[in-house]
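Participant: Sequence first, predicted coordinates after that:
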Amino acid sequence: MTKLLSFVLTFALLAMSVTNIFADQITLKNGDRVTGKVIKQDEDKIVLQTEFAGEITISKTNVEKVLLDSSYTKEAEKVGTTETEKNVEKTAAVTASTVAPATAAKNPGLGFTAGWDGTANLGFSFTSGNSKTSTFTAGIRAEKSSEKDKWTTYANSLWNRNRITGITVTTSNAIWGGLRYDRNITKKVFGFGSYDFERDKPQRLNFRSVVGAGLGYHAVKNDNTELDFFGGAAWNKTWFVGNVTKSSAEVLVGNTLKHKFNDKVKVQQGFTFYPNLTDTGEYRFVFDTTFSADLTKRMGWFVTIADRYNSLPLLGVEKNDFLFATGLKFGFGKTK
C-alpha cells in the first residue's frame, strides 16, 4: 500500500510538471509572462485559459514572444488558424480589463508624464591663479515615442564667470530649450509642431519665444540610425533689455540625427536654420552635436559642441555664441 501511494504521488507530481512545461506562454514587452492554454485567437486578440485567473483576453499590440504547446498547433489546424510563432510574436499586451494592476503600472503609455527616456548632463571647470574662471553647463533631453508619434523636449544652460585683477565679469548666463511633437502621416512623412525659447543676459536678450510647425521626412530609420529632415514656418517674438521688442515671421528648415556606433557609443545632432521673412536677408541658426559613451548602465561621459548664430544682434553684441562642454551624463527611463 505504501509503495502504491508513493507511486501515485510521484506520478501526480510528474504530470503537474509536464503540464507546466508544455503550457502555452506569452511574454510581454514589459517582461511579464502569462502561462496557460491558448483556446482562441483572431486578428485582434488571443484568449488564454489560465489555472487561477480563468479566461483572460490579450490584445495584439506589444507582446514580445509567444511560445505555443504543440497540442494547440494541432487544434489550430482544425479550426483553420495557421498563424506561425513568428506572426504571433507581433501580437500584443493584455487589455486593461484583464491585466493585473502591477502590469498596468509598467505600461509606458499611461498619461503624458509616463514613458519618457532620456539623459541629464553636468559639466564644470574651474581655474585659479592670475585669472580665476568658473564655467558650469547643464542639460536635459528626453523622448517619449510610439509607432505613431513622438514627443521630444530639451533644455540647456551655460554660466561662465571670469575674474582678472580683481574685476569679475559674467561672460555667459544663458538658458535655452523647447518641446516638439511629431505625428506620422505615412511611413516616411510626418507633421510636427514645436516651441523653443531662449534667454541670454550677455546678449541682452530677456526672452525669445518661437512657435513653429511643418512637415518632415524620415530619410533613415532603423535600430542604429535615425535621420530626419524637416521644413516649415515659425513666428519669433523677442524681448530685449531696454523694452525693445521684435516680432518676425521665419522659415525653419533643418535635420536631426541619432546614431549608435555600438551599444555604448552614440552621437546625436540637430540643426535648425531660420531665414527671416519680415527682415529679408537676416537669419539665425542653432546647431548642436553630442557624443556620449556609457560607463555604466545609467552613467556616462559626454562631449557637446553647440553654436547659436544671429546675423542681426543688438549693437555691441556678438553674432555668434559657441559652446564646447564635457562632463558626466546620467540616464533615466528605459535602459538599452
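Facilitator: Right, received. Where do you want to start? Numbering: from 1, shown residues only.

Participant: What pairs with the helix or strand where Asn236 lies, parallel or antiparallel?
Facilitator: Taking DSSP states H and E as the criterion, the element that holds Asn236 is strand 225-240. The pairing partners recorded for strand 225-240 under DSSP bridges are strand 205-221 (antiparallel), strand 244-260 (antiparallel).

Participant: For the last one, give me every contacting residue.
Facilitator: The contact list for strand 244-260, computed with Cβ atoms under 8 Å, 6 or more residues apart in numbering, reads 210, 212, 214, 223-240, 266-279, 284, 314. C-beta here means a position set from N, CA and C on the backbone, and glycine is covered the same way.

Participant: Just the buried ones from the residues you listed?
Facilitator: When burial is judged by neighbour count using 16 or more other Cβ atoms under 10 Å, the buried members of the contacts of strand 244-260 are 210, 212, 214, 226-228, 230, 232, 234, 236, 238, 240, 266, 268-270, 272-276, 284.

Participant: Read off the pLDDT value for the most centrally placed residue in the chain.
Facilitator: Nearest to the mean C-alpha position of the chain, counting by Cα atoms, centre = their mean, stands Glu143 at 2.6 Å. In this prediction, Glu143 carries a pLDDT score of 92.

Participant: Which residue, other than its chain neighbours, is closest to it?
Facilitator: Taking Cβ to Cβ, 6 or more residues apart in numbering as the measure, Glu143 lies nearest to Thr152, with 5.2 Å between them; neighbours along the chain are not counted.

Participant: phi, psi of that neighbour?
Facilitator: phi -130, psi 130 (degrees, to the nearest 10).

Participant: repeat for the one 3 residues further on
Facilitator: Summarising the backbone geometry of Ala155 under the convention degrees, to the nearest 10, its torsions are phi -160, psi 140.

Participant: Would you check that it makes contact with Gly139?
Facilitator: Yes: with the criterion set as Cβ atoms under 8 Å, Ala155 and Gly139 qualify as a contacting pair; they are 6.5 Å apart.

Participant: Among the two, which residue is more densely surrounded?
Facilitator: Here Ala155 and Gly139 are set side by side on neighbour count (other Cβ atoms under 10 Å), and the busier one is Gly139, at 25 against 16.

Participant: If the spatially closest residue to the more buried one that is not a sequence neighbour is in a bridge, with which residues?
Facilitator: Using Cβ to Cβ, 6+ apart and skipping the chain neighbours, the partner closest in space to Gly139 is Asn156 (4.1 Å). With DSSP bridges applied, Asn156 shows beta-bridge pairing to Gly139, Trp176.

Participant: again, but for Ala213
Facilitator: Gly193, Ala233.

Participant: Let me know whether it touches Ala233 as I believe.
Facilitator: Yes: using Cβ under 8 Å, Ala213 is in contact with Ala233, at 6.8 Å.

Participant: ok, and for stretch 311-326, which residues are buried?
Facilitator: 313, 321, 323, 325.

Participant: hang on, the second one is in a helix, isn't it?
Facilitator: No: following the definition DSSP: H, G, I helix; E, B strand; the rest coil, Asp321 is strand and is not counted among the residues of a helix.

Participant: Now it. Nearest residue, chain neighbours left out?
Facilitator: The shortest distance from Asp321 to any non-neighbouring residue, by Cβ to Cβ, 6+ apart, is to Arg308 (4.6 Å).

Participant: any idea which element that neighbour lies in?
Facilitator: Following DSSP H and E, one finds Arg308 within strand 299-310.

Participant: Low-confidence stretches in this protein?
Facilitator: Across the chain, the stretches falling below the confidence threshold (pLDDT under 70) are 1-23, 29, 43-44, 60, 62-63, 69-111, 130-131, 164-166, 334-336.

Participant: All the helices of it, residue numbers only.
Facilitator: 2-21, 70-78, 85-88, 101-105 (DSSP state H).
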